[in-house]
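Student: Predicted model follows, preceded by the sequence.
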Amino acid sequence: MPEPEADAGKTEDPAAGEAAAADAVTLAGERAVADLVKAEESAPAGVEALAGAVEEADAVTHLPGVMQDPEANRGSSSQPIPAPQEIKNSLCAPQITWAQYTIYMNDFTDCDTDNSNDLDYDECAVLLEKQLGRPPTEEFLQRFWAAHDLNHDQRITLDEYIAYIVGSTEYQLMPKNQKPPPALYVPPAVAEAAAEEDRVLSQADINELRADVPNETKDQITDLTEEIYLLNEASVNAAAKLLGTGRTMDEPVLNEDVDKDTGKHEIKSWYLGALGLRKLPTSLGKVKVTGDLILFGNQLKEIAALPNVRGKIDLSLNPISKLPDSLALLHLKELNLLACRLRSLPESFARMIIDGDLTIAGNPLNRPFPKDIKMMQIGGTVWVDRGQMKSPAYNAAFGKKMKEFKAGAASMCGMFNKSVSVAR
């Protein structure tokens, strides 16, 4: 970082010099992020334009207003770098986009020379040199290390690194511009019954008006929906207000036909994305979903059980630390774990069957893979990030099935639900 030039005849204020330098870096970072958002919103396919914007922004600035070496300004102090603010309610946490996350992740993984998904002290020095454009002083390196190594394990994780960037121990990864889901299907009999009232139907209304579905099934679905809501009532209501979606939880879509195995109208699909969910009940693991289960963009840190899903499971952009062992029972069309912050995969993961794609990009997986991972049945592509792409462990596990994930998160994530207006 170049030194600011002092005006002739004026006495330089050291504190003002540091503040001006910090403001300059912050402004550059904000401009870079703005360019990323524009690219993400305007690109027709999103991949090439966003990737180009990431590279361009990466060349301009890596960390908005964070990587400032106090030795770069005369009169700098040796005060400790403040630690990130500890936030208990994640709904108050800073929000960052996938484009921003990609910059932070790529800077981090480029300096992770041993592919451990952590940075040691020497790798941290390399990171600082990359950010500052010159080697950091030992004093600043020690202060930076002390501020980043939040759990004092002599390693800096990607989470700790981003926590310091955004100034918070928690952050919310949010996609831009989710595509709307298909309009809710209204069976003809339900449409006829509701037409006279000229009202907007929720999925719960549609389920209630379906005469072909037994009341026992309706009650079970209503009870499960209410159980999830009551577990997360405060966060769901706060998220709707904070994100400006106005959304509340709705019931799942039920199949038109009775399931031949269970003799019931099973769940066809359920959109529970970006609702602020923090917990899921174990009872969710007892149901069957013949289509997709969308849970992206919540604050789920641990999942006790997942239902028997036959379509796609989208858990992207959740700060998940642990996946359930029941994964071994699943046969999916697709599994999206984009940026879930997972550090390990359970042994049962390798016994899951995925007919289509598996997305694990953006996860700091630094524990050994399940021993049978090479035998895992994956019919499509394994989407990984730039750091994972160069890792020998990933190449040994997934081989030629791997491709680098570069698109915006919105193209891979679940979608907001909608109500349907039924008019005469």
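Tutor: Perfect, I can see it now.

Student: Wait, N255 touches W270, no?
Tutor: No - contact criterion C-beta atoms under 8 Å: N255 and W270 do not qualify, at 12.0 Å. Where C-beta positions appear, they are placed from N, C-alpha and C, glycine not excepted.

Student: Can you pick out the residue with more neighbours from the two?
Tutor: Remark: of N255 and W270, W270 carries more neighbours, 29 against 18, as counted by other C-beta atoms under 10 Å.

Student: Now the terminal residues of stretch 386-404, how far apart.
Tutor: One end of stretch 386-404 to the other measures 6 Å (C-alpha to C-alpha, to the nearest Å).

Student: Which residues does that stretch contact?
Tutor: 105-106, 108-110, 112, 115, 117, 360-361, 365, 368-369, 373-374, 378, 380-385 (C-beta atoms under 8 Å, 6 or more residues apart in numbering).

Student: Could you report the neighbour count for T290?
Tutor: 17.

Student: so which helix or strand takes in the residue lying closest to M249 once chain neighbours are set aside?
Tutor: Distance criterion C-beta to C-beta, 6 or more residues apart in numbering; nearest residue to M249, sequence neighbours excluded, is Y229 at 4.8 Å. Following DSSP states H and E, one finds Y229 within helix 215-231.

Student: Just the C-alphas of the helix or strand that that helix is followed by, formatted as CSV.
Tutor: Downstream of helix 215-231, the next assigned helix or strand under DSSP H and E is helix 233-243. The C-alpha trace of helix 233-243 is given here as CSV (Å, rounded to 0.1, in the frame of the first residue of the first chain):
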residue,chain,number,x,y,z
GLU,A,233,-40.9,-18.7,14.9
ALA,A,234,-38.8,-15.7,15.9
SER,A,235,-36.2,-16.2,13.2
VAL,A,236,-38.7,-16.8,10.5
ASN,A,237,-40.6,-13.6,11.3
ALA,A,238,-37.4,-11.6,11.6
ALA,A,239,-36.0,-12.9,8.4
ALA,A,240,-39.2,-12.0,6.5
LYS,A,241,-38.9,-8.5,7.8
LEU,A,242,-35.2,-8.2,7.4
LEU,A,243,-35.0,-9.6,3.9
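
Student: Now do the buried residues in helix 233-243.
Tutor: For helix 233-243, a neighbour-count test (16 or more other C-beta atoms under 10 Å) marks S235, V236, A239, A240, L243 as buried.

Student: Skip the chain neighbours and tell me the closest residue to S348.
Tutor: In space, S348 is closest to A328, 3.7 Å off (C-beta to C-beta, 6+ apart).

Student: CA atoms only for the longest strand along the chain - export them in PDB, please.
Tutor: In the chain, taking DSSP state E as the definition, the longest strand is strand 267-271. Output of strand 267-271 as PDB, limited to C-alpha atoms (Å, rounded to 0.1, in the frame of the first residue of the first chain):
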ATOM      1  CA  ILE A 267     -45.100 -34.800  -0.400                       C
ATOM      2  CA  LYS A 268     -44.200 -33.900  -4.000                       C
ATOM      3  CA  SER A 269     -41.900 -30.900  -3.200                       C
ATOM      4  CA  TRP A 270     -41.300 -28.400  -0.400                       C
ATOM      5  CA  TYR A 271     -39.700 -25.000  -0.800                       C
END
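
Student: Can you name every helix or strand that it contacts?
Tutor: Under the contact definition 3 or more C-beta pairs under 8 Å, 6 or more residues apart in numbering; DSSP states H and E, strand 267-271 sits against strand 253-254, strand 288-289, strand 293-294.
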